[in-house]
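**Q** Need the 3D shape of this:
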Amino acid sequence: MKIAYLLEDTSLAGGTRVAVAHGDVLTDRGHEVTLVTRGGPLTWRRSRAQWLRVERFADFDAKPYDFVVGTFWTTLHDVHALAGNRGVHFCQGYEGSFTAYQPMKERIDEAYRLPLPKITVSPHLVPICRAFFDDATYAGQIVDDEFYQPHERGEGKPRVLLVGPAQADFKGIDAGYDAVRHARKLGAEFDLVRASQWEPAEGEPVELAQEFHVAIDTAVMARLIASCDVFVGPSRKEEGFGLPAAEAMAGGVPGVLTEIPSFLSWDESRDYALFAPEGDGQMLGERLAALLSDADLRERLSARGREVVEQFRAERTGERLERWFAERK
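**A** Numbers count the residues shown, from 1 in each chain. Coordinates of the predicted model:
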């Protein structure tokens, strides 16, 4: 099959990462995948798909392709115009729920109502998408293979990892910092390691962190995760998937996560992390302190987390993707 994905840009982001991962796995399975972008060269991750840069998506000749996939709401009108019934909407999170996009919600909803079948990264997005157009299917997320690497406890203080831009409120970084403060108030001693694709936000309490990593590439991020001992995932319900949490679990790093639909969809057992209510920094902090004080619990969650995120191996998601495209061809 010949499949094209339309990418608004190539900036470091989970949404870009998973689209590129789709290109990799489908290419590995023998299909011809082209990533069409208005952005510059991809510098922070390898890619095995073909690339095409255009000034406007309207300039792209979609006729030779079996499918054209839109990866963000702003690409959907172009996909529909270029490909018609060969168009696909890859939903990684309903953008109309994000605070930053509220002024554009009407336009986002209009794009979602286009007659494009939808594939999603998380099961909880399926009913959200079906409210706009009834053809929606869970395809799954991809955690790159390099994140599935051995995790070894380092020397010195435990390292607690908090990932995501504070500027995006659905990432819950404010609640993550509250959790850090509360855990330390309870006597937990650890180094906070922050990572974000963006520089710290104005007023962000970076003094709480011993390290702050900005826009690091995939290989460096995988090594950083492997160097940490606990992951804090404070995302709010608008989170489409929460890729850094899955990457941490793949690296054997036990986590404290919020009780949001995306995280809870990974396995009905809820035994693969400690959970706290969304936005409750105090409870997140209590869970963090408890995890840091219990080596056996960390070991158990590390092993169980690895088991749960095996479902996001590239080959498994690749099988689901290939089957979906083949049935529609």
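
**Q** Mind jotting down where the helices sit in the chain?
**A** Assigned by DSSP state H, the chain shows helices spanning 14-28, 76-83, 105-112, 125-130, 173-185, 218-226, 243-250, 261-264, 281-292, 295-308, 314-328.

**Q** what would these look like in JSON lines with distance to H151 and mean pLDDT?
**A** (Each C-beta comes from the backbone N, C-alpha and C, glycine too.) Output for those, formatted as JSON lines (distance: least, Cβ to Cβ, whole Å; pLDDT from 0 to 100):
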{"stretch": "helix 14-28", "distance to H151": "21", "mean pLDDT": "95"}
{"stretch": "helix 76-83", "distance to H151": "39", "mean pLDDT": "98"}
{"stretch": "helix 105-112", "distance to H151": "39", "mean pLDDT": "98"}
{"stretch": "helix 125-130", "distance to H151": "30", "mean pLDDT": "98"}
{"stretch": "helix 173-185", "distance to H151": "21", "mean pLDDT": "98"}
{"stretch": "helix 218-226", "distance to H151": "5", "mean pLDDT": "94"}
{"stretch": "helix 243-250", "distance to H151": "9", "mean pLDDT": "97"}
{"stretch": "helix 261-264", "distance to H151": "20", "mean pLDDT": "98"}
{"stretch": "helix 281-292", "distance to H151": "15", "mean pLDDT": "98"}
{"stretch": "helix 295-308", "distance to H151": "7", "mean pLDDT": "97"}
{"stretch": "helix 314-328", "distance to H151": "20", "mean pLDDT": "96"}
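
**Q** most tightly surrounded among those?
**A** helix 243-250 (a mean of 27; mean count of other Cβ atoms under 10 Å).

**Q** From the contact counts, what lies against that helix?
**A** Helix 243-250 sits against helix 14-28, strand 159-163, helix 218-226, strand 230-233, strand 255-258, helix 295-308, with contacts defined as 3 or more Cβ pairs under 8 Å, 6 or more residues apart in numbering; DSSP states H and E.

**Q** report the angle between the axes of that helix and helix 14-28?
**A** 60 degrees (axes from the mean of the first three to the mean of the last three Cα atoms, to 10 degrees).

**Q** how far is helix 243-250 from where the chain is centred?
**A** Relative to its chain's centre, helix 243-250 lies at 9 Å (Cα atoms, centre = their mean, to the nearest Å).

**Q** I would like the residues contacting it, please.
**A** Defining contact as Cβ atoms under 8 Å, 6 or more residues apart in numbering, one finds that helix 243-250 is touched by 14, 17-18, 141, 143-144, 147-148, 161, 163-164, 195, 221-222, 225, 228, 231, 233, 235, 255, 257, 263, 266, 272-273, 305-306, 308-309, 312.

**Q** what angle sits between it and helix 218-226?
**A** Helix 243-250 and helix 218-226 are oriented at 60 degrees to each other (the same axes, to 10 degrees).

**Q** send the alpha carbons of helix 243-250 over as PDB?
**A** Output in PDB follows, covering the C-alpha atoms of helix 243-250 (Å, rounded to 0.1, in the frame of the first residue of the first chain):
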ATOM      1  CA  LEU A 243       3.500   8.800  25.900                       C
ATOM      2  CA  PRO A 244       6.300   9.700  28.400                       C
ATOM      3  CA  ALA A 245       4.600   7.600  31.100                       C
ATOM      4  CA  ALA A 246       4.500   4.600  28.700                       C
ATOM      5  CA  GLU A 247       8.100   5.200  27.700                       C
ATOM      6  CA  ALA A 248       9.100   5.300  31.400                       C
ATOM      7  CA  MET A 249       7.300   2.000  32.100                       C
ATOM      8  CA  ALA A 250       9.000   0.400  29.000                       C
END
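
**Q** Run the angle between that helix and strand 159-163 for me.
**A** If you take the same axes, to 10 degrees, helix 243-250 sits at 150 degrees to strand 159-163.

**Q** Compute the inter-axis angle for helix 243-250 and helix 295-308.
**A** Using the same axes, to 10 degrees, helix 243-250 lies at 110 degrees relative to helix 295-308.

**Q** contacting residues around A215?
**A** A215 sits in contact with L12, W44, S196, Q197, W198, where contact means Cβ under 8 Å, 6+ apart.

**Q** actually T27, not the one I wrote
**A** Counting by Cβ under 8 Å, 6+ apart, T27 has contacts V33, R48, A49.

**Q** By neighbour count, which of those wins?
**A** The most crowded member of the contacts of T27, judged by other Cβ atoms under 10 Å, is V33 (26 neighbours).

**Q** got a pLDDT number for that residue?
**A** pLDDT recorded at V33 is 98.

**Q** re the thing from before, out of the contacts of T27, which one sits closest to Y112?
**A** Each of the contacts of T27 was checked against Y112 using Cβ to Cβ; the closest is V33, at 24.3 Å.

**Q** about what we covered before: for A209, find the nearest of the helices of the chain.
**A** Closest approach to A209 among those (Cβ to Cβ): helix 173-185, 8.3 Å.
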